[in-house]
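J.: Give me a model of this one.
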Amino acid sequence: MKTKKHNLVVDRIYSLGYAIKGLLLLLQTENAIKVHAFSTILLTIIGFIFQLNATEWMFQFLTLGLVISIEALNTSVEKIADFIQPNFDEKIGTIKDVSAGAVLFSGVFGAIVVGIIYIPKIILYFNL
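T.: Numbers count the residues shown, from 1 in each chain. Prediction:
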């Protein structure tokens, strides 16, 4: 949908409004995003407990942001695919599977990053 051209600042404000609307829709309607948001909150609390340094915070938030972003893109791909072809279609199924695979890929590497940050801290905490 074309919007009336304003100046650069006004257009960015409109764009920010649409982005916030999209974020709220994701949080309200998508269970996977809710799980990722909960994980982000939980890992933030745990990060304060284990007193992460600046580099660890940076990698944690970069990783969490990446996983949530890929999940949001996956949701977009699925919604577009369902709009284009509401009935089962093998090609659409492949597209959706690949998109979901991207989420899994980012999640696995996210778990590795979180493990690199927290496993040594947990070992030290429990003197294992």
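J.: Now do the helices in the chain.
T.: Ranges of helices in the chain, per DSSP state H, are 8-29, 31-49, 54-84, 90-126.
J.: and the longest one with helix 31-49, angle?
T.: Going by axes from the mean of the first three to the mean of the last three CA atoms, to 10 degrees, helix 90-126 is angled at 20 degrees with respect to helix 31-49.
J.: Which other helices and strands does the helix or strand of the chain with the lowest mean pLDDT contact?
T.: Scoring the helices and strands of the chain by mean pLDDT, DSSP states H and E places helix 8-29 at the bottom, with a mean of 93. Where contact means 3 or more CB pairs under 8 Å, 6 or more residues apart in numbering; DSSP states H and E, helix 8-29 is packed against helix 31-49, helix 54-84. All C-beta spots, glycine's among them, are computed from the backbone N, C-alpha and C.
J.: Those: which one's closest to residue 15?
T.: Among these, the nearest to residue 15 by CB to CB is helix 54-84 (15.9 Å).
J.: Contact partners for residue 121?
T.: Each residue near residue 121 by CB atoms under 8 Å, 6 or more residues apart in numbering is listed here: residue 50.
J.: same check, this time on residue 8
T.: Contacts of residue 8 by CB under 8 Å, 6+ apart: none found.
J.: so how far is residue 15 from it?
T.: The gap separating residue 8 from residue 15 is 10 Å, by CB to CB, to the nearest Å.
J.: related to what we said a few turns ago, relative to residue 19, which of the helices and strands packed on helix 8-29 is closest?
T.: Using CB to CB, the helices and strands packed on helix 8-29 put helix 54-84 closest to residue 19, at 10.6 Å.
J.: Please report how far the residue most central in space within the chain lies from residue 58.
T.: The chain has residue 68 as the residue nearest its centroid, 0.3 Å off, counting by CA atoms, centre = their mean. As judged by CB to CB, residue 68 and residue 58 stand 16 Å apart.
J.: now swap in residue 26 and tell me
T.: In terms of CB to CB, residue 26 sits 24 Å off from residue 58.
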